[in-house]
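Engineer: With the input below, show me the fold.
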Amino acid sequence: MAKPKNLAATEEAAEGSTSTGAIAGASTSTSTATTKPVATKRSSKSKKQKQPVLETLRTVVPNIFQECQKSAANHRKNAIMLRKIQEQCAEAEGEKGEEAFNNEFIRNLNVVLAIKKVEPTADRVVQFVSTKPEAEVEVEEDEEEEESSISATFVEHLMRHLLKGITVKEKLVRVRCCKLIALSINSVGALENDLYVELQESLMARTRDKESQVRVQALFALSKMQGNGDEDDDEEEGSTIIKEFLNLLQHDPAAEVRRSAIFNIAQSKATLPYILERARDTDTYNRRAVFSKPMSEIRDFRMLSIGERERLLRYGLTDRDDGVKKACTRMLATKWIHQADDNLLEFLERLDVMGSSVAEDVLNAFFDYRGDILESLVFNDIFWVNLTVESSFLVRVFTEFCRRKDDDAQFDKVVPEVVRHAFYIQKYSNIMQQAEEEDRPEAEFIVTQLLMIARLLDYADEIGRRKMFGLLREMLLLNDLPDKHLECIVETMRKISLNEKDFTRIIIEIISDLRESTEVEQEDVANQSEVDDDDSLDDQTMDLSDPDASRKRKHSAVDKPRRASSAAPLDEADQARKDLETMLNKVRCLTITKYMLERTSEHLQESSYMFGLLNQLVIPALGMQEEVMQDLGLQCLGLICSLERNLAQDNMDLFLTCVFAENATTHLHVLSLKIVFDLILTFGLAPMSTQITEERIKNDLKATLESEEPEVQAIAVEGIAKLMLTKVLKDTEILRTLIVLYFDPTTAKNNHLRQCLSYFLQVYFHSAYDNQVMLGEMAVPILVQLIEMQQEAKDEMPTPVNMAQQLLEWCEPRRGLEADPDKGLVNRNIDYGLQANIAIDLVKAMFSEAPYVRKFLPNILHKIPLDDDAGEIRLKKLTLLIGNLKTKRPIVEALSKKNLMTVEKNILKMFEEAPEALDDDELTKLAELTEEISFVDKFVAPVEERREVISIAKGRKPRAAAKKVAPKAKANEDKLKRMMDEVDAMLESSSSEKEDNQGDDSGSDVYDDDEDDEED
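Structural biologist: The predicted model follows:
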């Protein structure tokens, strides 16, 4: 690694001490004094060899460069040969001989650097030159200081020459010079301070070069100067270089530059978070590089925080590219596991499985990659008796992995029989009930894993099935059971039950027992308190003269207020406690009901138990003020409605009302909207419109798209997309709103919404030709609306042309699934010139839209492909509209006008001559031009624009060249005139055959029929 030469080392060298690391000598007085006598002494011994060496220098060195171009295998030998020639030159002429060799070496190098093409031979020469300093360093290890100065002089001369080349104009010269520095600097020891500083400054400047290849090589060279990247690094230069690395790592637009920064930046606690960000890089190779290089070579992955480990693993294992997934899995299974002493439990401890959302994916990826260790995993009785958080999680994931791979033999080796497993669940459930507050989460987690394993067991053994059923029933009656346990228990009971009807009956009976037990406890408490109060008062007011005094209770008027005042606080506390217990019991009952309904498809009329559950538990929960009760009640009602159509029809109004309830929470709005979409997808839109109109449902769905709550807006987009893809809903206004939302800058941060729309719009329009026709009819109004929005938020929206190109891509029939890409345009029912209709609508919009909108329309028109598929009639419509547009409302902007003229010329090129006379069948199509001609006749340009055009025309100075019309433009005008005259003639000849077109207004009919002829 290159470093600046220490001043103390320079002083020691001046005193005569030898230093093998000081390569950049030959500049001090000591080196000069020592080399001259040696050169003189050796020159006296080899006077006969002096002249031949210098004379053959210009032939030997080029021959070596020539040889190294052929193959990289001889680079080592040629480098040693060059070293010998260099020593001979130094022996022959001393410093002059060194200078002659250096100059000849640079002369040959310049020939390679100046090559203007990317040549493999030039790359091999560059690689050879980079090995020369390395060979110099190896030879110097056995040399004296006087001889080492030869290499120092050569390295300094080479570096200073390369520094001149990294600032030249030619791109490849800069690339090769930076590459040479990058390859050579690793084999260079210490450099002179001024050369080191100059080298660093020059390379830092090249990190902002306009060519990405130069920046890549500059980063590679700077990586040798950045130090270790630690926070306690005292070198200011190293910290500056690391800052430059981080800047390029985050903001450089070239993927290869960011990749070079990923590979070469020093790893430290300060730089690791920035490297982790590249796991979400837009380039696939960069994402893969994060896992294959820096994160695999990290000293200890505990340098990353738990949150950073979680994000890194989630990014890698859920990446859309398989190569990135494999790189992440390889990193886990071969590198990180070794840092945990190849112990899976130790590895899981470092992932914090209790709060991790990716630990399960990590283990599954590990099992897939390391199939060789599956047989070595042992789960014996000692393991099951001493379960921990990590071990329980490991065995649960492994059992699910075996079930997914259909490895029944391995599964049977891991899990115990059903009776023993029920014993383990009971054992750890008792530990959970007795655990302290701080230890309870871990105990709950272990029980959860055991219950999840219970879902996978085989209950063919009747004894084990009954044992498990009784245990799960008892657990459901516990007061403080977590929701995750409830879900697992209900799912396991669904598997244990004989059929679906038996399952619902058992769960409803358990819910009834829960409700009755709570009511009985409350009654017992209330009765006991009344008895205690009466007994205490009877002791004070008992009449001893009455023989039946022990059975009679008398209360004086003075005692009543005292009794009421003393009992009131007790009644309030008891009432609050009873209300809390009642609510918690209802919450638990509703939760069990929800899990049951999610796992049943039994029709409501076939289960009489459901009606009692609906009327006594679900409906009252909707009227309570607690949010949790309303949410659970609404979920249960929605699930019940999905089982019964009549019930869904009756409650659709309620769900739609909840969507827009002002005093409700966002969660309630989202939940209600999800229920609405589920019911429509289940039963259809028409069946759900019996109690309320279909128009109201569509209006409410459209209103949700304009909601101010981003979550509600995203759920609405997702639900409507599903309805449209399944052809349940078809509405142009809603579709138009979805397209506008896709480009709306206010939804830029709503990733859920944008991702849904980016998938839906492409699939929807390419899946059916009818959808493309619908888009073509409303494309221009959408474009006008988007242009108006873009004028208010120019920096936050794409350009109008880009947005129009996206609409045109959706509206391309050739991209649809109904088009056959192999056999060409076979489907005759598809109009492959559909985009020509959009072009006609665009030209019509140029007549009426505001100037700030219409200036973009010709540029959009220029992007529409118009070919023979558009048809002759539509092309004539365009020529008619464009011709009238130029006279009645001309385009003023230069670029827009140029694009409009280009479109017109391209259309006229398709007609070499005027069209032939039309036959009777084609004459029937002439009515298609009537709309365009009537549109043009009725149009009157705004007064302000007419004045503006006149003023512009008057303000122009006459030009001599304007008197002569360009031959090409005149030919186009003549062609258009011939076409229009021919159409007029055909219309006049056919007017006698059309009785309903005769009348006094024949003058206007000429235009109408003329337009029809053009269409044919």
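
Engineer: which stretches of the protein have low pLDDT?
Structural biologist: Scanning the chain for pLDDT under 70 picks out 1-53, 133-149, 186-190, 227-238, 518-571, 819-828, 912-1016.

Engineer: which residues sit against the helix or strand where residue 442 lies?
Structural biologist: Taking DSSP states H and E as the criterion, residue 442 maps to helix 440-454. For helix 440-454, the surrounding residues in contact (CB atoms under 8 Å, 6 or more residues apart in numbering) are 354, 387-389, 392-393, 395-396, 399-400, 415, 421-422, 424-425, 428-429, 431-432, 435, 468, 482, 484-485, 488-489, 492. C-beta coordinates here come from the backbone N, C-alpha and C atoms, glycine included.

Engineer: all strands for the chain, in order.
Structural biologist: Ranges of strands within the chain are 3-4, 190-191, based on DSSP state E.

Engineer: on that earlier part again, now the contacts of helix 440-454: which count as buried?
Structural biologist: Buried by 16 or more other CB atoms under 10 Å: 387, 389, 392-393, 395-396, 399-400, 415, 421-422, 424-425, 428-429, 431-432, 468, 485, 488-489, 492, out of the contacts of helix 440-454.

Engineer: In helices only, show me those residues.
Structural biologist: Using DSSP state H, the subset of the buried ones among the contacts of helix 440-454 located in helices is 389, 392-393, 395-396, 399-400, 421-422, 424-425, 428-429, 431-432, 468, 485, 488-489, 492.

Engineer: Look up how far residue 92 lies from residue 55.
Structural biologist: To residue 92, residue 55 is 10 Å away according to CB to CB, to the nearest Å.

Engineer: More neighbours: these two, which one.
Structural biologist: residue 92 (23 against 9; other CB atoms under 10 Å).

Engineer: do you know how far that one is from residue 104?
Structural biologist: 14 Å.

Engineer: So what does residue 811 have for phi and psi?
Structural biologist: phi -100, psi 10 (degrees, to the nearest 10).

Engineer: Grab the nearest non-local neighbour of residue 265.
Structural biologist: With sequence-adjacent residues excluded and distances taken as CB to CB, 6 or more residues apart in numbering, residue 265 is closest to residue 245, at 4.5 Å.

Engineer: and if you look at residue 349?
Structural biologist: Taking CB to CB, 6+ apart, and ignoring the residues beside it in sequence, residue 349 has residue 390 as its nearest neighbour in space, at 5.7 Å.

Engineer: next one: residue 860
Structural biologist: Nearest one to residue 860, counting by CB to CB, 6+ apart, is residue 804 at 4.2 Å.

Engineer: Contacts only, for the one you found.
Structural biologist: Residue 804 touches 783, 860, 863, counting by CB under 8 Å, 6+ apart.

Engineer: And for residue 730?
Structural biologist: residue 724.

Engineer: ok, it to residue 509 distance?
Structural biologist: Separation of residue 730 from residue 509 (CB to CB): 46 Å.

Engineer: before we move on, what about residue 738?
Structural biologist: Using CB to CB, residue 738 is found at 47 Å from residue 509.

Engineer: Just want to know which of those two has more residues nearby.
Structural biologist: residue 738 (22 against 12).

Engineer: isn't that one right up against residue 758?
Structural biologist: No. Under the criterion of CB atoms under 8 Å, residue 738 is not in contact with residue 758, lying 11.3 Å apart.

Engineer: what residues do these two have in common as contacts?
Structural biologist: Contacts common to residue 738 and residue 758, judged by CB under 8 Å, 6+ apart, are absent.

Engineer: Give the buried residues for the helix holding residue 442.
Structural biologist: The neighbour-count check on helix 440-454 (16+ other CB under 10 Å) flags 440, 443-454 as buried.
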